[in-house]
Every structure is written in C-alpha cells, then in structure tokens.
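1. make a model of this:
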Amino acid sequence: MKPISIAFKDLQILLQDRGSLFMLFLLPLLFIIVFSGALGAIGSSGKDTRIALVVVDLDGDKSAQTLLEKLDQAGGVRVELQEQTKAMAKLNLADIPRVLIIPENFTRSIAASDPTTLRLIVHPDADIEQTDAVRRVVEGVARDMTLEIQLIEAMEQMREMQSGIRESADAFTTDRMQKQARSQFERAQAEPLVAVKQSVPQTEGQREEPLNASAFAVTGMTVLFVFLMAQKTAESIYEEKKVGTFRRLLAAPMSKAALLAGKMLPNFVTGIVQSAVIFVFGIVGLRLIGFTPVTLGVEPLATVLVVVLIALCSSAFGILIAALARTEAQIGGLSTLLLWGMGFLGGGIMPLFFLEQFLGPLPKIVPHYWANHALTNLMTRGLGLADVTTDMAVLLGFTALFFVIGLWRFDFD
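-> Okay, the predicted model is just below:
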C-alpha cells in the first residue's frame with residue numbers, strides 16, 4: 001500500500017497546480033483545434049490533382065461536346081480547351097506534354113456510324129505513365145460512347161424487324177428506344193454486373209490514405225502530451241529530494257523498485273485521464289465546433305490498451321529523466337530536449353508518412369513513433385488488436401528499458 005499512498009499524495013499536489021492542469025488538459029485541446037483547422041484547410045484547399053489534358057475541338061458539335069463532358073466526368077484528367085495553332089505551338093515548346101484532337105465531322109461520323117479517329121499527340125519528353133493513364137481514360141470514354149451508339153442501333157434494327165406488327169411498331173418508337181438505351185447504359189455504368197477492384201499492397205512508409213486532419217491531431221497530441229507528463233514525474237522526485245521527504249520515503253519498509261513505482265503511478269493515472277479528456281473532445285467537441293470528429297476505431301478496447309501502455313511508458317521515462325538529471329535546470333532542459341524532440345521525430349507534430357519519406361526508419365528509434373503508429377492504425381485505418389501487437393510489444397519493451405536504466409542509475413542518496 002505504500003506506493004499507492006505516495007501516488008495519492010503526488011496527485012493531490014498536482015491537482016493544486018493550476019499551471020500544470022492547464023498544460024496537461026487544456027493545452028492539448030487548443031493544439032488539436034489549431035492543427036485540425038490548419039491541416040483541414042490544407043487538405044481542402046481545392047487543388048485539382050487531375051492530369052491536365054489540352055483538347056483541340058475541330059468539330060464543335062453535339063457528340064464532341066458529349067465526349068468532352070464525359071472526359072471531364074471520368075476522373076483522372078482535367079480537360080482544357082485550346083485553339084489548334086496555339087496548342088501545337090505549346091506542344092512543340094514542351095510547355096504542354098500532350099494534345100487530344102477531336103477531328104472535323106466527328107459528330108456526323110458518329111451519327112452515320114462511320115469510323116473516326118481521335119488523335120492523342122504526345123511530346124517525346126512527356127511522362128510515360130501519365131500519358132498511358134490519359135490514353136486509357138480517353139479510350140474508355142470513347143468505348144462507352146461506341147457501346148451506347150451500338151445499343152441504340154441494335155434496338156433500331158429490332159424496330160425495323162418488328163415494323164410489320166402494329167403493336168410492336170407502337171412500342172418501338174425512335175424516342176422510346178433512345179431513352180431506354182440510354183437508361184440501360186447509365187445503369188450499367190452505375191451498377192455494373194461485373195466490377196474489378198484494383199489494390200496495391202502498401203509498404204511501410206507509404207501514405208495509405210488521405211490525411212485525416214482531426215484524427216492526426218487527436219492521436220498526435222495524445223501521445224505528445226501524455227509523454228510530456230514524464231517531466232512532472234522527474235520534477236516531483238527532485239522536489240521530494242530538495243525538501244528532504246525523499247529520505248523519509250527511503251526509510252519506509254519497501255524496496256527501491258516499489259518506491260519508484262509509487263512515483264510512476266501519478267503519471268500513469270494522469271496519462272489515462274489526459275487521454276480520456278482528449279478522446280472525448282475528439283469525439284464530441286470537434287463535432288460541436290464544426291470539425292470532423294474521430295472514433296476509437298472498430299475495437300475500442302484495443303485503443304484503450306494502447307493508451308494504457310503509452311501512459312506506462314511515459315511514467316517509466318519520467319524515472320529515467322530523474323535518474324539522469326541532477327538539478328532542476330537539468331530536468332527542465334533534458335525534458336524539453338528529449339520530450340519535444342522525440343515527439344516531433346515520432347509523429348506528434350508531423351504525420352508519420354511524411355517523416356518516413358524524408359527520414360526513413362529513423363523515427364522508429366523513439367517510443368512516440370510506435371504509439372502514434374498504433375493509434376493511427378486503430379483510429380484511422382480501421383485495424384484491430386491483432387494488427388498493433390508489434391507496436392504494443394515495442395512500447396512494453398521501451399517501458400521495461402526505461403525503468404531498468406532509471407533504477408540502475410537513480411541516486412537514492
């Protein structure tokens with residue numbers, strides 16, 4: 001019961017420190033609002049990422065307009081109409097990589113079912129993959145238009161075959177056939193009988209989904225501020241030594257490991273409460289102020305278990321700081337350097353996928369990385385407990401390492 005008594009006393013002291021309460025419970029919420037707003041604005045800036053496709057329309061009639069509309073709606077390309085002379089001059093100067101030319105009499109050829117050719121002129125230096133993507137979009141739209149026309153022609157032939165039967169002639173009017181054909185074609189596009197889903201296996205370090213600003217802010221601030229609590233553990237131990245009460249604790253009938261565990265417990269409890277406050281704000285508060293709310297994932301219990309390990313790891317890290325630092329200034333300097341540095345490196349300030357693109361596997365050397373990785377997998381990517389066992393094992397390993405080194409290097413005198 002001695003460690004619990006020590007923890008209870010430290011918690012009472014913490015609750016009387018308004019500055020610490022603000023930093024631990026209100027400051028993370030302010031950071032979440034700022035990050036959600038800033039990153040949300042970046043993510044919704046409206047930047048069109050489609051491949052620009054310059055089109056020269058030499059026809060200008062109905063079928064050409066239909067083709068342009070379908071190209072723009074197909075996704076992947078952004079149609080930009082230009083006059084032929086201007087477009088070809090830009091192509092020759094490599095100012096644009098490719099030009100699609102719709103030939104004259106395109107609409108008339110379509111109406112007469114005569115073969116016609118769309119020309120995609122590509123500059124030699126154009127990106128091969130983008131050109132292939134553009135070609136596939138154009139071919140797909142052209143193929144769909146051809147299929148629609150063929151469907152209407154087939155129904156027209158059926159009408160001619162049934163022309164001798166009065167009831168059939170009334171049913172197979174040209175207007176009704178065209179409406180029926182277009183309806184069937186649109187339905188086939190919206191609800192195909194056979195669909196193909198393409199997926200590419202993700203590798204570590206790749207961006208797996210669009211950035212969710214709110215989820216990143218909530219997970220990042222949870223990890224960052226729970227670990228910042230480690231400084232309070234170190235300061236509490238230093239204060240005990242300064243006023244002399246730590247010597248009385250050493251005289252109590254308990255082991256040194258139990259004594260340090262008692263000093264860890266307030267950090268652990270506070271970290272759990274911190275996370276709960278942040279998560280409630282992320283689920284309820286963000287919705288109330290107009291931001292996208294977060295969830296605890298498909299397995300909330302897994303998220304809770306990860307939070308428990310994060311709080312435990314932070315507590316052990318506080319013992320390590322107390323063991324390495326000898327003065328109050330050293331505790332402040334070491335805490336600031338390590339906790340904020342590790343927080344940045346581990347994805348508390350910038351998304352992990354961005355850090356990994358520039359730093360490779362370096363972020364994995366800090367526990368913050370594994371904590372953020374686990375929470376992101378659970379709360380953003382829809383994964384479960386089985387998918388974060390490695391992250392949890394690494395966090396547990398860091399906890400044991402910090403506590404063992406702290407116990408070994410701690411100055412009990």
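2. could you list the low-pLDDT ranges of the stretch 201-350 of the chain?
-> Across the stretch 201-350 of the chain, the ranges flagged by pLDDT under 70 are 201-211, 243-253.
3. can you give me the domain boundaries for this structure?
-> Here the domain assignment for the chain is 7-41+213-409, 51-190, based on automatic domain parsing.
4. what mean pLDDT does the last one get?
-> Averaging pLDDT along domain 51-190 gives 77.
5. can you lay out the domains of the chain as TSV showing mean neighbour count?
-> Where you see a C-beta, it was placed from the backbone N, CA and C, and this is true even at glycine. Shown next, in TSV, are the domains of the chain (neighbours: other C-beta atoms under 10 Å):
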stretch	mean neighbour count
domain 7-41+213-409	19
domain 51-190	15
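6. my guess is Thr295 meets Thr380, correct?
-> No. In this structure, Thr295 is not within contact of Thr380 by C-beta atoms under 8 Å, at 9.1 Å.
7. for the protein, which strand is longest?
-> The longest strand of the chain (DSSP state E) is strand 51-57.
8. sheet-wise, list the partners of that one with their directions.
-> Each strand paired with strand 51-57, and its direction, by DSSP bridges: strand 77-81 (parallel), strand 98-102 (parallel).
9. the inter-axis angle of the helix or strand following it versus strand 51-57?
-> Counting by DSSP states H and E, the next helix or strand C-terminal to strand 51-57 is helix 62-74. Helix 62-74 and strand 51-57 meet at an angle of 180 degrees, taking axes from the mean of the first three to the mean of the last three C-alpha atoms, to 10 degrees as the criterion.
10. and for helix 62-74, what's in contact with it?
-> Identification of contacts with helix 62-74 by C-beta atoms under 8 Å, 6 or more residues apart in numbering yields 53, 55, 57, 77-79, 81, 102, 106-107, 110-111, 137-138, 140-142, 144-145.
11. tell me what the helix or strand where Gly343 lies is packed against?
-> Remark: Gly343 resides in helix 341-345, with elements defined by DSSP H and E. Applying 3 or more C-beta pairs under 8 Å, 6 or more residues apart in numbering; DSSP states H and E, we find helix 341-345 packed against helix 213-243, helix 367-379.
12. make TSV from those and add distance to Leu286 to it.
-> Below are the helices and strands packed on helix 341-345 laid out as TSV (distance: least, C-beta to C-beta, whole Å):
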stretch	distance to Leu286
helix 213-243	6
helix 367-379	13
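13. which one of these lies nearest to Leu324?
-> Of all these, helix 213-243 sits nearest to Leu324, with 8.8 Å by C-beta to C-beta.
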